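Novice: 3D, please:
(one chain, ligands or ions: 2)
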Amino acid sequence: MSLGDLSVGQAAAQPNRAGSAVELSGITKVFGSGNEAVHALGPLDLAVEAGSFVSVVGPSGCGKSTLLRLIAGLDSPSEGRMLRYGAILDGPSRDVGIVFQDHVLFPWATILENVMLPADVFSLPKAAARGRALRLLEMTGLKDFASHKPHMLSGGMKQRAAFCRALLADPQMLLLDEPFGALDALTREELSLELSRLWQDLGRTALLITHDIEEAILLGDRIIVMSKRPGRIRLDIPIDLPRPRDVNTAKLPRFVEIKQLARGLIFTPEQD
Ligand SMILES: Nc1ncnc2c1ncn2[C@@H]1O[C@H](COP(=O)(O)OP(=O)(O)OP(=O)(O)O)[C@@H](O)[C@H]1O
Ligand SMILES: [Mg+2]
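Specialist: Ligands and ions are numbered 1, 2, ... in the order given. Sure thing, here's the model as predicted:
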């Protein structure tokens, strides 16, 4: 079943396709101070067009998760300016849904209760949120598991539940930090193609961090290749492949060309 049509029932917010969803200028992030200081990120500038899908790849520890946490408003930069939909970005927002590598479901709560969490956090009307949660669970094939605890679900099912939770408040933007990282190759491919369809249906903005270059190309409008720590942008490649994309997209000559370009860069030593 497709994750698709979320417009059922409660009116979905109109996707914002104009201008930048996120604009970062001169961003750096340093953790700690003195001898203990770790320069994790930047300086970097990044504009993410509203409604676009941006994939980010880069070496382990280069600051990808740090970048995502900054955009999510879960942490603040050491320097630089961040805008979200034109307003100063200074904290979490219900307009942003996040999915991490580890599904982070609460083990003592049912799947439905887990999906409903944003309703408490953002004070959404309970009945409408519950209806929406149930529809999301139905769309992701989890309807019969609404009252189960997370340990009774497979890895792929738990990750679907995490997607449902991220979508509950109908966010304008989805931030995805290796959301398929813990899954087997088949489930990963299936879920990533579902995500692609979902994104296309909703017209929301998405930023995906992945270590899988093929996944990055298959899903993205752009692939950003980051340097080793402190993470900066080494290359920003537009992915001009037709949509909808499927498993056959990976056979197109242009796909192979982009993949070789990205791989070539990742495996070319950086000039210090
Ligand atoms: N809260 C923190 N306190 C101190 N250092 C941190 C903190 N969070 C991240 N770092 C450091 O910042 C650097 C970047 O970490 P980050 O998690 O952003 O990397 P990453 O690119 O997501 O790596 P991976 O691909 O392995 O997930 C690392 O050196 C890490 O040790
Ligand atoms: Mg990370």
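
Novice: only C-alpha atoms, please: export the helix or strand bottoming out on mean pLDDT in the chain in CSV.
Specialist: Every helix and strand of the chain was ranked by mean pLDDT, DSSP states H and E. The lowest is helix 185-202, at a mean of 84. Backbone C-alpha positions of helix 185-202 (Å, rounded to 0.1, in the frame of the first residue of the first chain) are rendered in CSV as follows:
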residue,chain,number,x,y,z
ALA,A,185,18.4,-3.9,1.4
LEU,A,186,15.0,-5.0,0.1
THR,A,187,12.9,-3.2,2.7
ARG,A,188,15.2,-0.2,2.3
GLU,A,189,14.5,-0.1,-1.5
GLU,A,190,10.8,-0.6,-1.0
LEU,A,191,10.5,2.1,1.6
SER,A,192,12.7,4.6,-0.2
LEU,A,193,10.6,4.3,-3.4
GLU,A,194,7.4,4.8,-1.2
LEU,A,195,9.0,7.9,0.2
SER,A,196,9.7,9.1,-3.3
ARG,A,197,6.0,8.7,-4.3
LEU,A,198,4.8,10.2,-1.0
TRP,A,199,7.1,13.3,-1.5
GLN,A,200,5.8,13.7,-5.1
ASP,A,201,2.2,13.5,-3.9
LEU,A,202,2.6,16.0,-1.1
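
Novice: could you point out which element follows it?
Specialist: strand 205-209 (DSSP states H and E).

Novice: hmm, who's touching that following strand?
Specialist: 16, 21-22, 48-57, 64-65, 67-68, 71, 172-179, 195, 199, 215-216, 219-220 (C-beta atoms under 8 Å, 6 or more residues apart in numbering). In this view, the C-beta of every residue, glycine as well, is placed from N, C-alpha and C.

Novice: just the CA trace of the helix or strand following that strand, in CSV.
Specialist: Per DSSP H and E, strand 205-209 leads on to helix 213-219 as the next helix or strand towards the C-terminus. Output in CSV follows, covering the C-alpha atoms of helix 213-219 (Å, rounded to 0.1, in the frame of the first residue of the first chain):
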residue,chain,number,x,y,z
ILE,A,213,24.7,7.3,-3.2
GLU,A,214,22.2,5.4,-5.3
GLU,A,215,19.4,6.2,-2.8
ALA,A,216,20.5,9.8,-2.8
ILE,A,217,20.3,10.0,-6.6
LEU,A,218,17.1,8.0,-6.9
LEU,A,219,15.2,10.3,-4.5
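
Novice: by proximity to ligand 1, which residue of the stretch 151-272 of the chain wins?
Specialist: residue 229 (5.5 Å; C-beta to the nearest ligand atom).

Novice: contacting residues around residue 59?
Specialist: Residues near residue 59 by C-beta under 8 Å, 6+ apart: 226-229, 266.

Novice: ok, of those, which one's closest to residue 78?
Specialist: Lowest distance from residue 78 to the contacts of residue 59 (C-beta to C-beta) belongs to residue 229, with 14.1 Å.

Novice: pretty sure that closest one is touching residue 40, no?
Specialist: Yes. Applying C-beta atoms under 8 Å as the test, residue 229 and residue 40 come out as touching, 6.2 Å apart.

Novice: those two: which has the busier surroundings?
Specialist: A direct count of neighbours by other C-beta atoms under 10 Å for residue 229 and residue 40 places residue 40 higher, at 22 against 17.

Novice: near ligand 1 at all, the strand or helix carrying the more buried one?
Specialist: If you go by DSSP H and E, residue 40 is part of strand 38-49. Yes. Using C-beta under 6 Å from any ligand atom, strand 38-49 reaches ligand 1 at 38, 40.

Novice: list the buried residues for that strand?
Specialist: Within strand 38-49, the residues that count as buried by 16 or more other C-beta atoms under 10 Å are 40-44, 46, 48-49.

Novice: do you have the helices of the stretch 1-150 of the chain handy? List them.
Specialist: 64-72, 111-121, 126-139 (DSSP state H, counting those that start in this stretch).

Novice: tell me which of those sits most buried.
Specialist: Neighbour counts (mean count of other C-beta atoms under 10 Å) averaged over each of the helices of the stretch 1-150 of the chain peak at helix 64-72, with a mean of 22.

Novice: which residues touch that one?
Specialist: So helix 64-72 is in contact with 22, 24, 27, 29, 40-41, 44, 56, 58, 75-77, 82, 84, 89, 92, 96, 98, 175, 177, 207, 209, 226, 231, going by C-beta under 8 Å, 6+ apart.
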